[in-house]
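S.K.: Any chance you could fold what I've pasted below:
(4 chains)
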Number of protein chains: 4
Amino acid sequence: MLVIMKQGSTPQECNAVEDAIRRMGFTPLPVPGANRTAICVTGNRGPVESALLNQLPGVLECIPVTKPYKLVSREVHPDDTVVEVEGVRIGSREATLVAGPSSVETEARTLEIARRVKAAGAHLFRAGAYKPHTSPYSFQGLGEEGLHTLSRIRDDVGIPVVSEVVDTSMAEKVSEHVDVLQVGARSMQNFALLKRLGELGRPVLLERGISATLEEWLMAAEYLLAEGNPRVILCERGVRTFNNHSRNTLDLNVVPLARQISHLPVLVDPSHGVGMRDRVRPLARAALAAGAHGLVMEVHTHPDTAYSDAQQTIDVETFRGIVEDVEVMRKLAPLFP
Amino acid sequence: MLVIMKQGSTPQECNAVEDAIRRMGFTPLPVPGANRTAICVTGNRGPVESALLNQLPGVLECIPVTKPYKLVSREVHPDDTVVEVEGVRIGSREATLVAGPSSVETEARTLEIARRVKAAGAHLFRAGAYKPHTSPYSFQGLGEEGLHTLSRIRDDVGIPVVSEVVDTSMAEKVSEHVDVLQVGARSMQNFALLKRLGELGRPVLLERGISATLEEWLMAAEYLLAEGNPRVILCERGVRTFNNHSRNTLDLNVVPLARQISHLPVLVDPSHGVGMRDRVRPLARAALAAGAHGLVMEVHTHPDTAYSDAQQTIDVETFRGIVEDVEVMRKLAPLFP
Amino acid sequence: MLVIMKQGSTPQECNAVEDAIRRMGFTPLPVPGANRTAICVTGNRGPVESALLNQLPGVLECIPVTKPYKLVSREVHPDDTVVEVEGVRIGSREATLVAGPSSVETEARTLEIARRVKAAGAHLFRAGAYKPHTSPYSFQGLGEEGLHTLSRIRDDVGIPVVSEVVDTSMAEKVSEHVDVLQVGARSMQNFALLKRLGELGRPVLLERGISATLEEWLMAAEYLLAEGNPRVILCERGVRTFNNHSRNTLDLNVVPLARQISHLPVLVDPSHGVGMRDRVRPLARAALAAGAHGLVMEVHTHPDTAYSDAQQTIDVETFRGIVEDVEVMRKLAPLFP
Amino acid sequence: MLVIMKQGSTPQECNAVEDAIRRMGFTPLPVPGANRTAICVTGNRGPVESALLNQLPGVLECIPVTKPYKLVSREVHPDDTVVEVEGVRIGSREATLVAGPSSVETEARTLEIARRVKAAGAHLFRAGAYKPHTSPYSFQGLGEEGLHTLSRIRDDVGIPVVSEVVDTSMAEKVSEHVDVLQVGARSMQNFALLKRLGELGRPVLLERGISATLEEWLMAAEYLLAEGNPRVILCERGVRTFNNHSRNTLDLNVVPLARQISHLPVLVDPSHGVGMRDRVRPLARAALAAGAHGLVMEVHTHPDTAYSDAQQTIDVETFRGIVEDVEVMRKLAPLFP
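M.R.: Residues are numbered from 1 along each chain as shown, chains lettered A, B, ... in the order given. A predicted model of the protein is given here:
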């Protein structure tokens, strides 16, 4: 249940609604909004009776919310959320292209990649300074040195930057150097991290966990929104199944459904989703065709010598082909009203 | 290993090659072909030494085949296979659209659906006369009565017809009434049925099993080709995973890979693949974008009252929208050379 | 809903109940029984109103059945089913051990294996005359020759025999040579085959499909019972998951649940379930510990040279160890009342 | 490759070996040991040539390590690791029983549960002070208050305590109150947390991630050992599959294999593994039968009113039954030499 307050309702009226919710045995959760104040009823297991709340002063309407996720739901927020990052509008009708190498590499090479992908049509640049890897003996990223390279790209190349944060202890530092904080698939249910990023308020790119249900993914986003950070971008990047013919199984079924039930932008990462360079372009097309708001891809000037994930990294030429695909597919009739 | 004989090689020369293969401890399998005769070496576990075979009279060349599937592989058959069905060319650059209700229904209604989908742009009509269902108490299809309706559609509406065959005992009868015999997902490893359809020689639409690996799917096709039937069309229709947000998880990762390693046409069935009517169109688009040769979809004039699978059946209007999508997507650069 | 008729109820009374069910819009399914006649109501989607049926002459009681499976359910048949095969009681408190090579081999060697496993404690002998294999180029079993070997084992060694039937066309012939007809995992939803075996009435060992839900497995059994064959034995043999450390993932969670909701005996096949010889014994123990009525295992006098599945075939010595494990585990308190 | 130094080898000799490894282009990793010093060669992709290293002064032998995990492997550490916690020996022939409620509850009730499970045969007590939950609106644990209750249990009841740590920022504090730090399934690849716990050196109970392969699980353990903490206990608690009949699919196939390839103790949590109270005991038995070193179970004096996971929590009486099962199963022949 979401209680929408009238414009101009007073703090006293809000408090009275919250008290009423508590007396019903539930927990009120105020939801900040530019145009309206809303109060979410949480802690209930079945439907909530709205008659009492409806007649309180200042209450405009009571919206039943049938799902465990509330703030990420279209029931609560019917319009698409558009996350603005330095002028780039993620979640709008125009596809957003996020490109870059898996890892930050030498400053010179990384800058060169950033310039090239920007020239080819990328809207955001992504590269990892901290790389979570299955093995403790694998390359773990350049760390702080990588962050400084990302800062320089932001300043010199003039493209907003996305990078992963892997632990609460470094959230603040990473956020000083990049525009969008990525939560990787392995961290999707690192709730301490989600709460920290919810507080920080910077845009978050939330990857779906490798075996997360749609509901779990949306609940992870709910952690961010519940802490007051509405600037959340979802990213599907493949799930783990019995399939052994690709690194992951890209789940495009989830894309139109996520768009239906949530107002958050939905990107797709075909690089991790299929895991083989020569299949990134067909899956990139497919993701857009299924309704994704954009793509996240590993692109490199010299894919074969990439520090990590070389086998799934495409070259700039292939990326340019995908930019052309985007142009063609803009002519498709809109899937969503 | 595949031994390619020169054009005009004699039966005696072929026999000599087969004998040589047997002396090496392997099993020869002659592969009929319009332009060339080939002899497949089977039963080996490692690479086969070709020096001996190369020098036999009539031998043009020896092609190593590194995969357990041979006849379905591009190593053996580099060019795309196009399966022709009454003038419809499946596997060509033009997308093939297969549409119809899940089950054959009353003759009048089924004929009406066939006329409407043909008018809207369908190339083949599909409906099940025999319906395999999880429950013995569910509708099992109209059986022979349904076959006669399909015959009438073929004759009166003038659209080729696809229908499922579920057991060896009825393969011949079904093949008298329809143009393409469908092997459903549950039957993909019904090897007795595959052998029977291999002998019959009619075009086969081979659905991927719900938890079949790509290799198992291609090996199922290999059963058909090994019996001498090269008219095989692959159909991806979703796999079973932990996902609970859709009936199956449509695996579009498999599409470009199947096209790379096999020469057979690859269709996609988004109706079963996603299982919800309102998501069929986005996934239909995505399948074509990923490189499918066409689509198989459940379409009905009155979806809500369909005899089976109503929740995933689209109406004719939505189907017409997909036909328009096909037009737009033809402008995409070809993915495959 | 199941309508139980009084003992001594007349055919006319039964007919009247069936007519009443039809007038309610449902389909009656008479269920034969030694001590009582029952009539199953099928075709309903929600609960069935029993008031009308309760008052008909000859009706003892109406039992609501809440699951899509009816005849396999404990709601309908509260007591354990014990399937008797030549004096062996499968489904009783004593664990049943089924052992033998994957394939029937030469008569001499297969007879020797049968003698050895019988002496070691096996109750039934299993070997495949028809072997479904992923590849058309793999060994497909000795066929009829194998059936004759199985007949000889039955006669000369005096142990009942289990063997797989893979197609309706051979069901009758196989049933002449063996005591229990196995439906392999790939055929679990070959409904034509299930119906044929339901008519034949011979005991059936029904393997769970590699990605079948518990409900689908029980519904497959329901096909057999609905045709009048109550002599059905369930067999769990591993499911397909993302796991790559074993051939399948043995699902022991399903064992106590299948025993709770169904009255049918439940065996477990650890050979296919784990797929590696040196792990068969621990998983065999685990299966019994979880409540299985017995085990199906691949056992050979010379495992390394087995015609098929050598890597998962144990030797007679290991089998004897498992027989000892059974003795120890008999001392565990019964899990089921 | 692992280079084993002779007893009494000097630091200079070790340094020389490390230098030689660096000159070969690899990274040396010294592995501390009571009886021997070893130096692990990491960073190689193929086999390492040992001839050069073998002849250096102080080198006893070079052991090739064929797996990506090294320190957790039996190749490197052939004997079973036994983790001692306040006199409890985890990883020995005697099964270790870990029991307690899902969450720390009121001090009085939690103390009472601890006393009861200790009296019934539990060796360690487990309860969560910090509870990671899918929903931000669910009970998140009592936090610090819970930690103090755990301290009191340790002191007053005299049973060692296990509790989960969910973020690097609280690792130190939790470690002051409990004996074994649990890394939950969702955190198995929280590498920052693993490194922190590696440094702390306290015993760690490392749950397998819900979709982790065996290799990923062992690599997570490798992070702990590589930081110098050898006191690691593995815990299987079910994986995510297509199965919908239980919360997770308990993977007992992994138990004997993990024991074969790793020297670390392996526990099993049947409570999470099956997720339903009435099936915990059969799966507990099965886990021991498969070779687990012990069990982790949710046990409560009043399961129905447990703060969390009530549906999978057993009562003390059932726990006592499992203790009796352990007694019976001790009579099984040892599976491992």
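S.K.: Every contact and neighbour count from this point should use C-alpha atoms.
M.R.: Fine.
S.K.: in the stretch 201-337 of chain A, which spans are strands?
M.R.: Secondary structure of the stretch 201-337 of chain A (DSSP state E, counting those that start in this stretch): strands located at A:204-207, A:232-236, A:266-268, A:294-300, A:314-315.
S.K.: For chain A, which residues are neighbours of chain C?
M.R.: A:R240, A:T241, A:F242, A:N243 (CA under 8 Å from any CA of the partner chain).
S.K.: taking those residues one by one, which sit in helices?
M.R.: Taking DSSP state H, every one of the residues of chain A next to chain C sits outside helices.
S.K.: what subset of these is also close to chain D?
M.R.: Residues of the residues of chain A next to chain C in contact with chain D (CA under 8 Å from any CA): A:R240.
S.K.: care to break chain A down by domain?
M.R.: For chain A, automatic domain parsing gives the domain ranges A:2-63, A:83-332.
S.K.: Next, A:R22: secondary structure please.
M.R.: With DSSP: H, G, I helix; E, B strand; the rest coil as the basis, A:R22 sits in helix.
S.K.: contacting residues around the residue nearest to A:G273 when sequence neighbours are not counted?
M.R.: Excluding the flanking residues, the one nearest A:G273 by CA to CA, 6 or more residues apart in numbering or on different chains is A:G238, at 4.2 Å. Residues near A:G238 by CA atoms under 8 Å, 6 or more residues apart in numbering or on different chains: A:R208, A:I210, A:N248, A:T249, A:L250, A:D251, A:D269, A:P270, A:H272, A:G273, A:V274.
S.K.: now the third one: how far from B:E172?
M.R.: This means A:N248. 41 Å (CA to CA, to the nearest Å).
S.K.: Quick check: nearest residue in space to whichever residue of the stretch 1-150 of chain A sits closest to chain B, chain neighbours excluded?
M.R.: Nearest residue of the stretch 1-150 of chain A to chain B: A:K67, at 13.6 Å (CA to the nearest CA). Computed as CA to CA, 6+ apart, the closest residue to A:K67 that is not its neighbour in sequence is A:S73, at 8.0 Å.
S.K.: Kindly report the same for A:H177.
M.R.: Excluding the flanking residues, the one nearest A:H177 by CA to CA, 6+ apart is A:S151, at 5.1 Å.
S.K.: quick one: furthest residue from the center of chain A?
M.R.: Centroid-distance maximum for chain A: A:Q55 at 37.8 Å, with CA atoms, centre = their mean.
S.K.: show me where the stretch 1-150 of chain A has strands.
M.R.: A:2-5, A:27-31, A:38-42, A:59-63, A:83-85, A:88-90, A:96-100, A:124-126.
S.K.: Who are the contact partners of A:H300?
M.R.: Counted by CA under 8 Å, 6+ apart, A:H300 has contacts A:G100, A:P101, A:I113, A:A306, A:T313, A:I314, A:D315, A:V316.
S.K.: Which strand residues bridge it?
M.R.: A:H300 has these beta-bridge partners by DSSP bridges: A:D315.
S.K.: any idea how far it lies from C:R109?
M.R.: From A:H300 to C:R109 the distance is 61 Å (CA to CA).
S.K.: How about A:I322?
M.R.: Taken as CA to CA, the span from A:I322 to C:R109 is 62 Å.
S.K.: Next: A:Y69.
M.R.: 64 Å.
S.K.: Then A:G87?
M.R.: From A:G87 across to C:R109, the span is 78 Å (CA to CA).
S.K.: between these two, who's got more neighbours?
M.R.: C:R109 (14 against 9; other CA atoms under 10 Å in any protein chain shown).
S.K.: for chain B, what are the nearby residues on the stretch 201-337 of chain A?
M.R.: So the stretch 201-337 of chain A meets chain B at A:211, A:213-214, A:241-246, A:249-254, A:256-257, A:274, A:279, A:282-283, A:285-291, A:325, A:328-329, A:331-333, A:335 (CA under 8 Å from any CA).
S.K.: before we move on, back to that, my guess is the residue nearest to A:H177 contacts A:V174. True?
M.R.: No - A:S151 is beyond contact range of A:V174, at 10.0 Å (criterion: CA atoms under 8 Å).
S.K.: Tell me the bridge partners for A:V180.
M.R.: A:V162.
S.K.: Can you get me a residue count around it?
M.R.: Neighbours of A:V180 (other CA under 10 Å): 25.
S.K.: Check it and give its pLDDT.
M.R.: Listed pLDDT for A:V180 reads 98.
S.K.: Also A:V3?
M.R.: A:V3 is given a pLDDT of 88.
S.K.: Would you confirm that it contacts A:G58?
M.R.: No - counting by CA under 8 Å, A:V3 stays clear of A:G58, with 10.1 Å between them.
S.K.: Neighbour count for the two, which is higher?
M.R.: Using other CA under 10 Å, the more surrounded residue of A:V3 and A:G58 is A:V3, with 27 against 20.
S.K.: tell me the centre residue of chain A?
M.R.: A:I233 (2.2 Å).
S.K.: Against A:V280, how distant is that residue?
M.R.: Following CA to CA, the distance that separates A:I233 from A:V280 is 21 Å.
S.K.: what about A:S271, neighbour count?
M.R.: Neighbours of A:S271 (other CA under 10 Å): 31.
S.K.: For it, list the residues it contacts.
M.R.: A:R237, A:R277, A:V280, A:V296, A:M297, A:E298, A:Q312, A:T313.
S.K.: of those, closest to D:I159?
M.R.: A:R237 (44.6 Å; CA to CA).
S.K.: what's the pLDDT at the closest one?
M.R.: 98.
S.K.: how deep is A:E94 tucked in, by neighbour count?
M.R.: Neighbourhood size, A:E94 [other CA under 10 Å]: 14.
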